[in-house]
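Student: Here is my input; please provide its structure:
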Amino acid sequence: MPDLDQYLRQALPAPGGWLPTELRQAAVLCPILAHQGRDHVLFVLRPEGTQAHAGQIGFPGGMHADTESPLETALRESFEEVGAPGENVTPLGELEPRESTSKIHVHCVVARVAPFELRPDPREVARILHMPLDELRDDNRWQEKPPPIATPGLERNSGPHFQFGDELLWGLTARFIRDLVAHIPRGAQ
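Tutor: Predicted coordinates for the structure are as follows:
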């Protein structure tokens, strides 16, 4: 079996342009990095407060600006939020874009990220989390249940939830992770 990066480059489409939509558009980076001797996915925990998704786990990312592509948006936002320099990010592909409960069309770029000095922006990041990819790939660790926070005007449909210590991964970010692991065969390293 080829290594994980090579496999993802073959299994996922290359990052492309924005898909036509009437919704606002954003892009996030799903950063895979070596941490403590194995592959982890880096997440950010949003600070409590009034901003959208306060207190929730997500990927570095945000709304696109001007003529940026999804990849350029994800790279800019990752640098702003956690200090990831663009030269340390090697795109591996893009997951199928999804619509958020806040009516934003979100592109998710999957990338290998070389080590860098983490510099979380405290306005956007309360904490950085590293979740082992092999644990995220374990179907027994996932549950389907309604979201812990209701979205006004929306039915509380069940979705994937992953408990990581005291933290709960759910919502759009959890759906992107489930999409990612669905592309990785059992034997891939």
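Student: Excluding chain neighbours, what is closest to Arg127?
Tutor: Leaving aside its chain neighbours, Arg127 sits nearest to Leu45 (4.3 Å; criterion: Cβ to Cβ, 6 or more residues apart in numbering). C-betas here are computed from N, CA, C, even on glycine.
Student: nope, Thr90 is what I was after
Tutor: Distance criterion Cβ to Cβ, 6+ apart; nearest residue to Thr90, sequence neighbours excluded, is Arg112 at 4.6 Å.
Student: Correct me if wrong: the residue nearest to Arg127 contacts His130.
Tutor: No. Using Cβ atoms under 8 Å, Leu45 makes no contact with His130, being 11.6 Å away.
Student: How about the contacts made by Ile32?
Tutor: Leu4, Asp5, Asp39, His40, Val41, Leu42, Leu92, Val110, Ala111, Arg112, Val113, Leu133 (Cβ atoms under 8 Å, 6 or more residues apart in numbering).
Student: Which element, helix or strand, includes it?
Tutor: Here Ile32 sits within strand 24-35, counting by DSSP states H and E.
Student: Check which residues of that strand are buried.
Tutor: Applying a neighbour-count criterion of 16 or more other Cβ atoms under 10 Å, one finds Gln25, Ala26, Ala27, Val28, Leu29, Cys30, Pro31, Ile32, Leu33 buried in strand 24-35.
Student: got the contact list for the fourth one?
Tutor: This points to Val28. Contacts for Val28 (Cβ under 8 Å, 6+ apart) come out as 58-62, 74, 77, 106-109, 173, 176.
Student: quick one: whichever strand or helix holds Pro91 to chain centroid distance?
Tutor: Assigned by DSSP H and E, Pro91 falls within strand 89-99. Its chain's C-alpha centre and that of strand 89-99 lie 9 Å apart, by Cα atoms, centre = their mean, to the nearest Å.
Student: For that strand, name the packing helices and strands.
Tutor: Helices and strands touching strand 89-99, by 3 or more Cβ pairs under 8 Å, 6 or more residues apart in numbering; DSSP states H and E, are helix 4-11, strand 24-35, helix 70-82, strand 104-113, helix 171-182.
Student: closest to Arg123 out of those?
Tutor: Nearest to Arg123 among the helices and strands packed on strand 89-99 is helix 70-82 (9.1 Å), distances taken as Cβ to Cβ.
Student: Since that was my last question, I'll sign off now.
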